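>>> Show me the folded form of this:
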Amino acid sequence: MPAPTDANLRREGETLRFTGALERAAVAVLWPQALAVLAGVARFDLRDVSQVDSAGLALLGELAARAGGGIAFDSIAIDGEPAGLAALRTAYRLDPSLGFAT
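Prediction:
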C-alpha cells in the first residue's frame, strides 16, 4: 500500500493540474492516475505544487515524454516553478519542458 501523500492531479482540457508535494510517496499514487488521463495533454500546471524531489521529477519527466497520445507536440508546456524543480532540472540537464537539454 502506498504511503499517504497530499499530492493530487486532475485533467482540465489539455492541462494536467498537479497539487501538493511531488515526492517519492506521491509517485506510486499519481502514476496510474496520470497514465489514465494522459492522452492529449499539452501542459502541466505545477502552480499548486509545494515542492518536487527527484522521484517527482522522474514522474514529470516520464509523463512529459509520453504526453500527447500520438499528437505531434514539440514539448509539454510547464506552468509554475515549485521548490526544487529548477535545481533538479539543472542537475539532470533537463530543459524547461523536461526534455533532455542538447
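>>> Can you tell me the closest non-neighbouring residue to the most centrally placed residue in the chain?
Closest to where the C-alpha atoms of the chain average out (Cα atoms, centre = their mean) is Leu60, at 2.8 Å. Nearest non-adjacent residue to Leu60, counting by Cβ to Cβ, 6 or more residues apart in numbering: Leu98, 5.7 Å away. C-beta coordinates here come from the backbone N, C-alpha and C atoms, glycine included.
>>> Quick check: the one you found is in a strand.
No: assessed with DSSP: H, G, I helix; E, B strand; the rest coil, Leu98 is coil; it does not lie in a strand.
>>> Find me the pLDDT at it, would you?
Per-residue pLDDT puts Leu98 at 85.
>>> Going forward, count from 15.
Noted, 15 is the first residue going forward, which turns the last one into Leu112.
>>> Give the other helices and strands that the one helix or strand Phe58 maps to contacts.
Take DSSP states H and E as the rule and Phe58 turns out to sit in strand 57-66. Strand 57-66 sits against strand 29-36, helix 68-80, strand 91-93, helix 99-105, with contacts defined as 3 or more Cβ pairs under 8 Å, 6 or more residues apart in numbering; DSSP states H and E.
>>> I figured the residue nearest to Leu74 hits Ile90, correct?
Yes: here Leu112 lies in contact with Ile90, judged by Cβ atoms under 8 Å, at a distance of 6.4 Å.
>>> between these two, what contacts are shared?
Here Leu112 and Ile90 have Ala78 as joint contacts, going by Cβ atoms under 8 Å, 6 or more residues apart in numbering.
>>> Buried by neighbour count: which residues of stretch 62-69 qualify?
Within stretch 62-69, the residues scored as buried using 16 or more other Cβ atoms under 10 Å are 63, 66-67.
>>> Just the CA atoms of that stretch, as PDB, please.
Coordinates of each C-alpha in stretch 62-69 appear next as PDB, following Å, rounded to 0.1, in the frame of the first residue of the first chain:
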ATOM      1  CA  ASP A  62      -0.100  24.500  -6.700                       C
ATOM      2  CA  VAL A  63       2.800  22.100  -6.200                       C
ATOM      3  CA  SER A  64       4.700  22.900  -3.000                       C
ATOM      4  CA  GLN A  65       7.900  21.000  -3.800                       C
ATOM      5  CA  VAL A  66       9.400  18.500  -6.200                       C
ATOM      6  CA  ASP A  67      12.100  15.800  -5.300                       C
ATOM      7  CA  SER A  68      14.000  13.600  -7.700                       C
ATOM      8  CA  ALA A  69      11.200  11.000  -7.700                       C
END
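>>> That's all I had, so thanks and see you.
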